[in-house]
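Participant: Below is the structure, and that's it, no one-letter string:
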């Protein structure tokens with residue numbers, strides 16, 4: 001495993017929480033989540049921009065956890081009725 005791929009000793013939830021504000025500052029990032037990629041935990045970047053555009057700004061592995069960009073479109077609050 002390359003040095004940047006080594007586990008940091010942090011949980012995936014801690015890594016996601018520590019980086020979410022940084023990622024949300026990127027135009028086109030709508031949110032983050034924890035999911036599965038190839039059967040293993042990953043951090044998902046939910047994006048309204050094309051996935052390729054976001055991938056260029058976020059590494060594919062952060063503190064040992066894979067990061068997957070998923071183009072979801074924009075999120076909107078639903079009207080309360």
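Facilitator: Nice, I can see it. None of these values were measured; they are calculated from a predicted model.

Participant: so how many other residues sit close to residue 65?
Facilitator: 21 (other CB atoms under 10 Å). Where you see a C-beta, it was placed from the backbone N, CA and C, and this is true even at glycine.

Participant: do residue 53 as well
Facilitator: 14.

Participant: how near is it to residue 9?
Facilitator: 32 Å (CB to CB, to the nearest Å).

Participant: go on, residue 25?
Facilitator: On the measure of CB to CB, residue 25 and residue 9 end up 26 Å apart.

Participant: again with residue 28
Facilitator: In terms of CB to CB, residue 28 sits 31 Å off from residue 9.

Participant: Which one's more surrounded, the two?
Facilitator: When residue 28 and residue 9 are compared for neighbours, residue 28 comes out ahead with 16 against 8, by other CB under 10 Å.

Participant: Ramachandran coordinates for the residue nearest to that one when sequence neighbours are not counted?
Facilitator: Spatial nearest neighbour of residue 28, excluding adjacent residues (CB to CB, 6 or more residues apart in numbering): residue 49 at 2.6 Å. Dihedral angles of residue 49 (phi, psi; degrees, to the nearest 10) stand at phi -90, psi 160.

Participant: hang on, residue 49 packs against residue 27?
Facilitator: Yes - at 6.8 Å, residue 49 counts as touching residue 27 under the criterion of CB atoms under 8 Å.

Participant: Between the two, tell me which one has more neighbours.
Facilitator: Using other CB under 10 Å, the more surrounded residue of residue 49 and residue 27 is residue 49, with 17 against 10.

Participant: Cool, thanks, talk later.
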